[in-house]
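A.B. asks: with the sequence up front, the predicted model follows.
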Amino acid sequence: MRAEKSPAPSPNIPAGFIRVESRLDGITVYAPAPRVEQIPNAQTFECPNCGATTAFHPRAGSVTCSNCGSVYALRAEQVGARAHELEFTLDTLHSAPRGWGSTRRDLRCENCGATTSVAPTELSTTCPFCGSNHVAARTAVPNAFRPRYLIPFKIERDQCAARAREWLARGWLYPRDLVNVARSAQFNGVYLAFWTFRAQVNAEWRAQVGYERAEKFFDVSQVKFKTRRVIEWREEKGNVTLPFDNLLATATTHIPARLLQRIEPYDLDALVTYDPGYLAGWRASSYDITLNDAWDDARAQMREQTRQAAFANIDSKHIRNFSMHAAFDEEAWRLLLLPAFITTYRFQEKTYQLVINGQTGKVAGDKPIAWRKVWLIVAALIAPGLILAGLALGLTVAGYDLGGLFFVGGIIFVVGALIAVWVIQQAMQAGEG
Amino acid sequence: MGMADWGATLHPAQCGNCHAAFLVPAHAGAPLCPNCFAARLEPNPALEHTELPELILPFSVAESTLHANLERWLRDIPFKSATLNLNALRARLTRVFMPMYLADAEVQGTWNAQMGFDYLVASSEERFHSGQWISQRINETRVRWEPRAGEIARAYENVSAPAVENHARLMSALGEGNTPALDTTRAISFSPEAISNALVRAPEIANDNAWQFAEREVERRAASDCQTAANAQHHEQFNLRAAFGEPHWTLLLLPMYVTSYSDDDKKWLAVRVNGQTGFVTGEKRASIKIARRWALLLGGIALLAFLFIAFIALTARQVSQLSVFAGMLLFVMLCLCLAAPVPLIIAWQYNQKNKETA
């Protein structure tokens, strides 16, 4: 839609309409004026009162000045989980891989004049020279692929160390001095990009379903009737309709998806419309997993869940030749910014990542396993049975009748070994995060 | 304005049944009314001042096309009456010119509507078979509705408007809605030679009264133009607030062949042929009388067969060889009994179907 310059329109043209291109002579066309968002290329957050740098303060829920304490309210509107979604138009899908551009952009600090080069995926930055907070332009990115909604930080940066310490201290498979690293960890508050997806899957399935039944037969060898269980296979078909709403998919590869999944859920009812003020003083990054790739993964999850739902509808555990035709309907997506604190810490020459949900404070991350402790526990579990059985065996060879003791030792050994295996499994799982 | 202005010897005449008025060539006498076929046209001097047309669309359908089209039209009618055959229809073929107004009007005003814009959305279908999923992307066209408004200042030419009461029915007979009914760009200026050997239907509606119909057509064309101007693919709730300039009227004569056939009740039914395209329309009716005759014939043969079988049954003790023949005859009789009502059913069903579509 291209706006055209024109003389004053007729009084019958509704207010708020602007003249647009007409394809025929003698006819003028007016359309509702698109909402123009007047956002400067870069917004600097500076206190009008004292000139100091301002930042979004989670506790106050507004932009505050750390110097004079002035509070500036934000104009964002809480929209919640019903926030507007976008369709998968062909235009959207074609432009999705382009994202927010591929070149770095220069942001000139309005405060000290220094120019900072930021990656295209960085939405906000702090001037390294004067510490001013900048929020990069929103209008510079394609309309559909800029975040329209976000969940503001609720957790303060200074709460992170305590939460991390509590999480690091949890469990007995980890080194005892691990809690100390939380004191020195630097927690970076980052708004991370997430996609949300909605769809309804209408599926038809067909399968051969086996039902067990008891059958009497005559056993010739024993010359008597016996009962056996047989499976009777029947062709069955059915329908499953499964709605999916707000299926969250990570849009960044910088943090392992398994860690981000473990700090979920986010309460999407807290979604607010995007306001650059929320990003002041915080880092924010765009997506590097494209809409198409994320949607492929989300669709795979949806169809798999639909298949599981079909299985749940079948009143038997014997299923074969299962086929399904799933049609997707009402597909929609959104790009959100969700808050998280990220830190890395080094322990015994290895680096580990730790993520904290910026809304709920839930912690997830990697922790080193104290393998020496694990092996000691394993040894302690196996040793009593082994010693007892070995002693009994030796004395039995020497002529004592201690077969019973050998048997008890064997049982203790088997039980200890089973518990040891479980401990090792727990340790390995914990080690994998 | 009198008949002398027409430049041809035409007599005004009117049907006493349907009151349709015609200008009849002098040599034609008092023909059957080509509108209703229920009465002969009677002279009516009151119609001396019939408006002279500016344009005329000449008859241009070739004789061979005309006959081929009539033959094709006749082909599927079962049990045709005696008057329903190609020769009879050709013999009764009459050339008639039907009047129609063309208005040129200017529109100036404002409009508003909901305009629909097509856009493509990618959806998908997934198939699970032999343990794996196969994805297929599907593009769906959806319509986004947006309000639009604007101003319009355009001239519309050759907007058709009725000149006779049964205009819509006649236009339908000319094929409107199927193909471009008539190519009015091939119209020529009126000349007496162009209407020779043809009846001319006199206009019944004054052009002032015809404007209400033309206005609707102008609005329809304006809505379509506004949709094009807005680069939209659909429109709804179109509302035009406009002033229309004084329209310029042109009376146009459209060529039509008219012929007829009579049904079982001796009622004449019209068959009309577009004089430019050869498109044939008319109510198709099978003759129930002829169908009944066939039914009686088949029933009569069945009865004869029955009597013969009865005779054989009585004499079978003596002539046992005839029993086999009687058995075969019994089968034929049963077939004829079943077939006897079929002609009646076919004719009745055909008439019912054509009554629904007529």
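C.D. replies: It's in. Numbers count the residues shown, from 1 in each chain, chains lettered A, B, ... in the order given.

A.B. asks: low-confidence bits of the stretch 51-200 of chain A, can you list those?
C.D. replies: Where the stretch 51-200 of chain A drops to pLDDT under 70, the residues are A:95-144.

A.B. asks: mind listing the helices for the stretch 201-350 of chain B?
C.D. replies: Along the stretch 201-350 of chain B, counting by DSSP state H, counting those that start in this stretch, helices occupy B:207-229, B:288-315, B:322-339, B:342-357.

A.B. asks: the ones you listed into a markdown table, with extra columns for mean pLDDT?
C.D. replies: A markdown table is the format used below for the helices of the stretch 201-350 of chain B (pLDDT from 0 to 100):
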| stretch | mean pLDDT |
| --- | --- |
| helix B:207-229 | 91 |
| helix B:288-315 | 88 |
| helix B:322-339 | 83 |
| helix B:342-357 | 86 |
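
A.B. asks: quick one: closest of the ones you listed to residue A:220.
C.D. replies: helix B:322-339 (59.5 Å; CB to CB). In short, each C-beta sits where N, CA and C put it, glycine included.

A.B. asks: kindly confirm my reading that residue B:82 is in a strand.
C.D. replies: No. If the criterion is DSSP: H, G, I helix; E, B strand; the rest coil, then residue B:82 is coil and not within a strand.

A.B. asks: quick check: closest non-adjacent residue to it.
C.D. replies: In space, and not counting its chain neighbours, residue B:82 is closest to residue B:88: 7.7 Å by CB to CB, 6 or more residues apart in numbering or on different chains.

A.B. asks: just give the number of residues close to the one you found.
C.D. replies: Under the neighbour criterion other CB atoms under 10 Å in any protein chain shown, residue B:88 is assigned a count of 16.

A.B. asks: and what of residue A:57?
C.D. replies: Other residues lying near residue A:57 total 18 when counted by other CB under 10 Å.

A.B. asks: contact partners for the residue lying closest to it once chain neighbours are set aside?
C.D. replies: Spatial nearest neighbour of residue A:57, chain neighbours left out: residue A:64 (4.2 Å); criterion: CB to CB, 6+ apart. Residues near residue A:64 by CB atoms under 8 Å, 6 or more residues apart in numbering or on different chains: A:54-57, A:70-72.

A.B. asks: picking up where we left off before, surely the residue nearest to residue B:82 meets residue B:261?
C.D. replies: Yes. With contact defined as CB atoms under 8 Å, residue B:88 reaches residue B:261; the gap is 6.7 Å.

A.B. asks: residue B:355 and residue B:286, how far apart?
C.D. replies: 11 Å (CB to CB, to the nearest Å).

A.B. asks: neighbour count for the two, which is higher?
C.D. replies: Neighbour count, other CB under 10 Å: between residue B:355 and residue B:286, residue B:286 has more, with 25 against 11.

A.B. asks: thought residue B:347 was touching the more buried one, still the case?
C.D. replies: Yes. Using CB under 8 Å, residue B:286 is in contact with residue B:347, at 4.0 Å.

A.B. asks: need the overlap of contacts for those two.
C.D. replies: Contact with both residue B:286 and residue B:347 is made by residues B:78-79, according to CB under 8 Å, 6+ apart.

A.B. asks: what segments of chain A are helices?
C.D. replies: With helices called from DSSP state H, chain A shows them at A:90-95, A:157-169, A:181-184, A:257-263, A:291-313, A:371-397, A:403-431.

A.B. asks: can you put these in a markdown table and add mean neighbour count and distance to chain B?
C.D. replies: Below are these laid out as a markdown table (neighbours: other CB atoms under 10 Å in any protein chain shown; distance: least, CB to the nearest CB, whole Å):
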| stretch | mean neighbour count | distance to chain B |
| --- | --- | --- |
| helix A:90-95 | 14 | 4 |
| helix A:157-169 | 17 | 38 |
| helix A:181-184 | 15 | 44 |
| helix A:257-263 | 17 | 21 |
| helix A:291-313 | 17 | 5 |
| helix A:371-397 | 15 | 39 |
| helix A:403-431 | 15 | 28 |
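
A.B. asks: now render these as TSV, adding distance to residue A:337.
C.D. replies: TSV is the format used below for these (distance: least, CB to CB, whole Å):
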stretch	distance to residue A:337
helix A:90-95	19
helix A:157-169	17
helix A:181-184	26
helix A:257-263	13
helix A:291-313	15
helix A:371-397	39
helix A:403-431	31
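
A.B. asks: sorry, back to before: element containing the residue nearest to residue B:82?
C.D. replies: Per DSSP states H and E, residue B:88 falls inside helix B:86-91.

A.B. asks: re the thing from before, highest average neighbour count across the helices of the stretch 201-350 of chain B?
C.D. replies: Ranked by mean neighbour count, the helices of the stretch 201-350 of chain B are led by helix B:207-229 with a mean of 18 (mean count of other CB atoms under 10 Å in any protein chain shown).

A.B. asks: counting by contacts, list what that helix packs against.
C.D. replies: The contact analysis (3 or more CB pairs under 8 Å, 6 or more residues apart in numbering or on different chains; DSSP states H and E) places helix B:207-229 against strand B:94-129, strand B:132-162, strand B:234-244.

A.B. asks: want to throw those into JSON lines with mean neighbour count and mean pLDDT?
C.D. replies: Converted to JSON lines, the helices and strands packed on helix B:207-229 look like this (neighbours: other CB atoms under 10 Å in any protein chain shown; pLDDT from 0 to 100):
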{"stretch": "strand B:94-129", "mean neighbour count": "19", "mean pLDDT": "92"}
{"stretch": "strand B:132-162", "mean neighbour count": "15", "mean pLDDT": "91"}
{"stretch": "strand B:234-244", "mean neighbour count": "14", "mean pLDDT": "93"}
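
A.B. asks: state the number of residues packed around residue 268.
C.D. replies: You didn't say which chain, so I picked chain A. 22.

A.B. asks: was after chain B, sorry
C.D. replies: Residues near residue B:268, counting by other CB under 10 Å: 16.

A.B. asks: apart from its chain neighbours, what residue comes closest to it?
C.D. replies: Residue nearest to residue B:268 in three dimensions, not counting chain neighbours: residue B:37, with 3.5 Å by CB to CB, 6+ apart.

A.B. asks: can you check residue B:168 too?
C.D. replies: Per CB to CB, 6+ apart, closest to residue B:168 is residue B:162, 7.2 Å.

A.B. asks: for residue B:12, identify the helix or strand it belongs to.
C.D. replies: Element membership for residue B:12, per DSSP H and E: strand B:10-15.
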